[in-house]
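Enquirer: sequence and predicted structure, then a few things I'm wondering about:
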Number of protein chains: 4
Amino acid sequence: MISLKSSLEEINQMNRGTLMETLGIEYTEVGAGFVSAKMPVDHRTLQPSKIIHGGANIALAETIGGLGSVLLVDYTSFDVRGSSISANHVGTAKSGWVRARAEIIHRGERTHVWNIDIKNEEGKLISTIRLTNFIIPK
Amino acid sequence: MISLKSSLEEINQMNRGTLMETLGIEYTEVGAGFVSAKMPVDHRTLQPSKIIHGGANIALAETIGGLGSVLLVDYTSFDVRGSSISANHVGTAKSGWVRARAEIIHRGERTHVWNIDIKNEEGKLISTIRLTNFIIPK
Amino acid sequence: MISLKSSLEEINQMNRGTLMETLGIEYTEVGAGFVSAKMPVDHRTLQPSKIIHGGANIALAETIGGLGSVLLVDYTSFDVRGSSISANHVGTAKSGWVRARAEIIHRGERTHVWNIDIKNEEGKLISTIRLTNFIIPK
Amino acid sequence: MISLKSSLEEINQMNRGTLMETLGIEYTEVGAGFVSAKMPVDHRTLQPSKIIHGGANIALAETIGGLGSVLLVDYTSFDVRGSSISANHVGTAKSGWVRARAEIIHRGERTHVWNIDIKNEEGKLISTIRLTNFIIPK
């Protein structure tokens, strides 16, 4: 079972056979209310114009905000479901990795709201995202 | 060059070596102000709980809204850049394909706003997205 | 109690002493899954540059989407609470009235998602909004 | 003309005959990249259930993010226009004042992106908003 006591390696292994493996997403840090990860900027995540696809960034954001909520609830009793998400793209990346960090803004009984910032290799903010997850009794 | 006169096959070939190929996205219809596409629900797009990843849906949405804008501008003089996007996830998909259709809501000089609806195999709406693209002089 | 059987006049009277009265909002049509209303474009809703304030449009949208949800639930057992909202402003209004229509996109057990379009006197779309309401047991 | 050299009193006077006066919005601090303001929680801003109307909060947010952009551009050459906005409501207010602070996240040539947080009398976050403004040559 996934919990805050799981090692990063264990948590990353859960991504086998999923979108996260497809995109090359790797978690780099997890905790109570925050998750960080990186994603490669390569053929897997580029758009035809050879800059990172904004949709890849949002997939990364929804991934780490979702994991963040899973780690905060009793996952035997509750499901986490992404409900709404909004994003601003304010920069781009052409190579290397993008790095994302999710921090919880609101931890309610039924909803979690996360802010996720994504930066390129130069440390410049390229996308900033708000994700609302529902916490649903199983 | 990509234009409304290009064949679907030509347009789909532009996706080689990009996120779209990674996710298995295929355009199925393009026109002046609309684009349709499908995406497989499989290991490439699932989340660990074996339902489609919301982020994959948004990547699909941003893809077809982006292509829609590219097809509406003189791409030798203007760039299209995704600026902001918001989405509601209201259902899910577990297998087969998801099918998305983008329709333009607002075609301004500097911005295009698209609505994108995504449905599962049963025809149920699962995600509905609003995308704003900037049209930037090169 | 407010219900679909209430007259428009009764429903409009509920707005006394609220933001809706402040802004001059009047409901013009209500039903199961839709609500229409109008709002004056005057000193109450303008910005300093003498065009309608985008925030007034969003207040109008959140108002009619909220009423729409109230009319769909058993309001003795459930509360309706606006959770997230996103909007695109694509035009403006300088005088007369703006007219808004909310239509439900997703009617779930715990959430309602509404689309709200706002048009100016010329019938041009000026703002389009997505509102998510929570349906919370009292 | 409005500029960072204007006094708070001068800037507040610009709100006469506008939505801001209607809602009782008062700027409390302005600077290069930030604006703070307060808004009363009373008959002007309440919903029928006697808590603050989410739409009033968004109007407040769009107001101060808009002023923030106006103060950053040469307003004789450029117009500022609210383009897209997204908000999460995570708490409420029943009396006193709500206090909002806008801080710029992205200051581009053609767009500004603002984060706006709104807190109630107890200092609890009740709404958090992202606003994108266009900067348009006159």
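Expert: Great, that's in hand. Nothing here was measured: the structure is a model prediction, and the numbers come from that model.
Enquirer: within range of chain D, give me the residues from chain A.
Expert: A:86, A:88, A:90-91, A:105-106, A:108, A:111, A:113, A:125, A:128, A:130, A:132 (CB under 8 Å from any CB of the partner chain). All C-beta atoms are positioned from the backbone trio N, CA, C, and that covers glycine.
Enquirer: PyMOL command for the buried members of those?
Expert: To isolate the buried members of the residues of chain A next to chain D in PyMOL, using 16 or more other CB atoms under 10 Å in any protein chain shown:
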select buried, chain A and resi 86+88+90+91+105+106+111+113+128+130+132
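Enquirer: just the closest of the residues of chain A next to chain D to chain B, please.
Expert: Distance to chain B across those (CB to the nearest CB) is lowest for residue A:86, with 3.9 Å.
Enquirer: do I have it right that residue A:39 meets residue A:24?
Expert: Yes - contact criterion CB atoms under 8 Å: residue A:39 and residue A:24 qualify, at 6.0 Å.
Enquirer: make CSV out of the residues of chain A next to chain D and add secondary structure and pLDDT.
Expert: Shown next, in CSV, are these (DSSP: H, G, I helix; E, B strand; the rest coil; pLDDT from 0 to 100):
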residue, secondary structure, pLDDT
A:86, strand, 98
A:88, strand, 98
A:90, coil, 97
A:91, coil, 97
A:105, strand, 97
A:106, strand, 98
A:108, coil, 95
A:111, strand, 96
A:113, strand, 98
A:125, strand, 98
A:128, strand, 98
A:130, strand, 98
A:132, strand, 98
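Enquirer: find the nearest non-adjacent residue to residue A:117, please.
Expert: Spatial nearest neighbour of residue A:117, chain neighbours left out: residue A:128 (5.2 Å); criterion: CB to CB, 6 or more residues apart in numbering or on different chains.
Enquirer: for residue A:97, that is, sorry about that
Expert: Spatial nearest neighbour of residue A:97, excluding adjacent residues (CB to CB, 6+ apart): residue A:38 at 4.5 Å.
Enquirer: and residue A:49, how many neighbours?
Expert: If you count neighbours by other CB atoms under 10 Å in any protein chain shown, residue A:49 ends up with 15.
Enquirer: still on that earlier bit, which two in the residues of chain A next to chain D are spaced the farthest apart?
Expert: Farthest-apart pair in the residues of chain A next to chain D is A:91 and A:108; separation 31.1 Å (CB to CB).
Enquirer: okay, the residue nearest to residue A:97 and residue B:73: tell me how far apart.
Expert: Using CB to CB, to the nearest Å, we find residue A:38 at a distance of 33 Å from residue B:73.
Enquirer: any low-confidence regions in chain A?
Expert: Applying pLDDT under 70 to chain A flags residues A:1.
Enquirer: which stretches in it count as helices?
Expert: Using DSSP state H, the helices found in chain A span residues A:8-13, A:19-23, A:54-70.
Enquirer: quick one: contacts of the shortest one?
Expert: Where contact means CB atoms under 8 Å, 6 or more residues apart in numbering or on different chains, the residues beyond helix A:19-23 that reach it are A:15, A:25, A:39-40, A:44-45, A:56, A:59-60, A:63, B:19, B:22-23, B:43-47, B:53, B:55-56.
Enquirer: which one in chain A is furthest away from the centre?
Expert: residue A:49 (24.1 Å; CA atoms, centre = their mean).
Enquirer: chain neighbours aside, what residue packs nearest to it?
Expert: Looking at residue A:49 with CB to CB, 6+ apart, the closest residue is residue B:79, at 7.9 Å.
Enquirer: is the one you found bridged to anything, and to what?
Expert: On the basis of DSSP bridges, residue B:79 is bridged to residue B:136.
Enquirer: now do it against residue B:15, distance only.
Expert: 18 Å.
Enquirer: these two: who's more crowded?
Expert: Each of residue B:79 and residue B:15 has its neighbours counted (other CB under 10 Å); residue B:15 has more, 21 against 15.
Enquirer: right, and the more buried one touches residue B:39 too?
Expert: No - at 11.5 Å, residue B:15 and residue B:39 do not qualify as touching, with contact defined as CB under 8 Å.
Enquirer: joint contacts of those two?
Expert: Counting by CB under 8 Å, 6+ apart, the residues touching both residue B:15 and residue B:39 are residue B:25.
Enquirer: show me what contacts residue A:31?
Expert: Here residue A:31 is in contact with residue A:4 (criterion: CB under 8 Å, 6+ apart).
Enquirer: bridged to it, which residues?
Expert: Beta-bridge pairing for residue A:31 (DSSP bridges): residue A:34.
Enquirer: distance-wise, check it relative to chain D.
Expert: Counting by CB to the nearest CB, to the nearest Å, the separation of residue A:31 from chain D is 20 Å.
Enquirer: residues touching residue A:105, list them.
Expert: Counting by CB under 8 Å, 6+ apart, residue A:105 has contacts A:113-115, A:130, D:88, D:90, D:125, D:128.
Enquirer: who does residue A:101 form a beta bridge with?
Expert: Under the criterion used (DSSP bridges), residue A:101 bridges to residue A:36, residue A:117.
Enquirer: that one: neighbour count?
Expert: Residue A:101: 17 neighbours (other CB under 10 Å).
Enquirer: what does residue A:119 give?
Expert: For residue A:119, using other CB under 10 Å, the count is 18.
Enquirer: now do residue A:4
Expert: The local packing of residue A:4 (other CB under 10 Å) involves 10 other residues.
Enquirer: give me the nearest residue to it, chain neighbours excluded.
Expert: Closest residue in space to residue A:4, ignoring its immediate chain neighbours: residue A:71 at 5.4 Å, by CB to CB, 6+ apart.
Enquirer: count of residues packed around the one you found?
Expert: Around residue A:71 there are 21 residues (other CB under 10 Å).
Enquirer: and if you look at residue A:78?
Expert: For residue A:78, using other CB under 10 Å, the count is 17.
Enquirer: show the contacting residues for the residue nearest to it when sequence neighbours are not counted.
Expert: Distance criterion CB to CB, 6+ apart; nearest residue to residue A:78, sequence neighbours excluded, is residue A:135 at 5.3 Å. Each residue near residue A:135 by CB under 8 Å, 6+ apart is listed here: A:69, A:73, A:78-80, A:108-112.
Enquirer: which bits of chain A sit near chain B?
Expert: A:14-15, A:17-23, A:43-49, A:53-56, A:58-63, A:66, A:79, A:81-89.
Enquirer: can you tell me the centre-most residue of chain A?
Expert: Note: chain A centre (CA atoms, centre = their mean) maps to residue A:64, 2.3 Å.
Enquirer: so who does it touch?
Expert: A:27, A:35-37, A:100-102, A:116.
Enquirer: bridge partners for the closest residue to chain C within chain A, pull those for me.
Expert: In chain A, the residue that lies nearest chain C is residue A:84 (4.7 Å; CB to the nearest CB). Assessed by DSSP bridges, residue A:84 has beta-bridge partners residue A:132, residue B:88.
Enquirer: can I assume residue A:52 is in contact with residue A:91?
Expert: No - using CB under 8 Å, residue A:52 is not in contact with residue A:91, being 9.6 Å away.
Enquirer: what touches both of those two?
Expert: residue A:126.
Enquirer: residue D:125 is in contact with residue A:106, correct?
Expert: Yes - shown here, residue A:106 and residue D:125 form a contact pair, counting by CB under 8 Å, at 7.0 Å.
Enquirer: list residues touching both of these two?
Expert: Going by CB under 8 Å, 6+ apart, residues that sit against residue A:106 and also against residue D:125 are D:90-91.
Enquirer: tally of neighbours for residue A:50?
Expert: Residue A:50: 12 surrounding residues under other CB under 10 Å.
Enquirer: tally of neighbours for the residue nearest to it when sequence neighbours are not counted?
Expert: The shortest distance from residue A:50 to any non-neighbouring residue, by CB to CB, 6+ apart, is to residue A:94 (6.7 Å). Neighbour count of residue A:94, defined by other CB under 10 Å: 12.
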